[in-house]
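Colleague: Below is the sequence, then the predicted model.
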Amino acid sequence: MIKKVYVKGVLVGVLDKEHAGERFGDLVVYGRTDFVKGRCRHYLARCSCGEWVTAPLGGMRRGDNVSCGCKRGLNNTKSLKRGSRFNKLTVICKAPRPETTNKTGHFYKFSCECGNKKVLPRYEVVVGLRKSCGCGVS
């Protein structure tokens, strides 16, 4: 039996058991839609603020689509306070952009529960794309 997904009384897609419940940043996938742009099928997701969005699954996995846009202005303007915790990472201080990366934005030095210290992009840590230094500590 196929379960259809309705938003405000409008059929927007069908439940996709393979990807339903997956979380990417603030988005939780509910199902696939009939909308295809290029070769990318779009999926229905709900943001943590309650807004519904459609986005390609590949974009969500890469981190291109991690929210509905509700936090767009917030993530780049507030600085992180020393000692703030994000999952297994604790803020040490602001850091310059590493020369080995092509990413832009603000970078911070974090301390992981395993004892490692690493410079990471602020955005990836704040939205939950990076939960640790990569050590795999549970």
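Modeller: Perfect, thanks for sending it. Numbers count the residues shown, from 1 in each chain.

Colleague: how near is the residue nearest the centre of the chain to Leu89?
Modeller: For the chain, Gly25 is the residue whose C-alpha lies nearest the centre (CA atoms, centre = their mean; 2.2 Å). In this view, Gly25 and Leu89 are 16 Å apart by CB to CB, to the nearest Å. (Glycine included, C-beta is placed from N, CA and C.)

Colleague: And Phe107, by the same measure?
Modeller: Applying CB to CB, the value for Phe107 to Leu89 is 13 Å.

Colleague: where exactly do the helices run in this structure?
Modeller: 57-62, 122-126 (DSSP state H).

Colleague: What segments of the chain are strands?
Modeller: According to DSSP state E, the chain carries its strands in the segments 4-7, 10-15, 23-24, 27-37, 40-47, 52-56, 85-86, 89-95, 107-112, 117-121.

Colleague: Domain parsing of the protein, as residue ranges.
Modeller: Domain segmentation of the chain under automatic domain parsing yields 4-62, 73-138.

Colleague: Using CSV, lay out those together with mean pLDDT.
Modeller: Formatted as CSV, those follow (pLDDT from 0 to 100):
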stretch, mean pLDDT
domain 4-62, 78
domain 73-138, 83
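
Colleague: So which residues make contact with stretch 18-25?
Modeller: 28-32, 43, 45, 57, 60-61, 63, 65-67, 127-129 (CB atoms under 8 Å, 6 or more residues apart in numbering).

Colleague: what number of residues lie near the residue lying closest to Thr104 once chain neighbours are set aside?
Modeller: Of all residues beyond its chain neighbours, the one nearest Thr104 is Arg97 (7.5 Å), with distances taken as CB to CB, 6 or more residues apart in numbering. Arg97: 14 surrounding residues under other CB atoms under 10 Å.

Colleague: Gly83 contacts Thr90, correct?
Modeller: Yes - with contacts counted by CB atoms under 8 Å, Gly83 reaches Thr90, the gap being 6.5 Å.

Colleague: Thanks a lot, catch you later.
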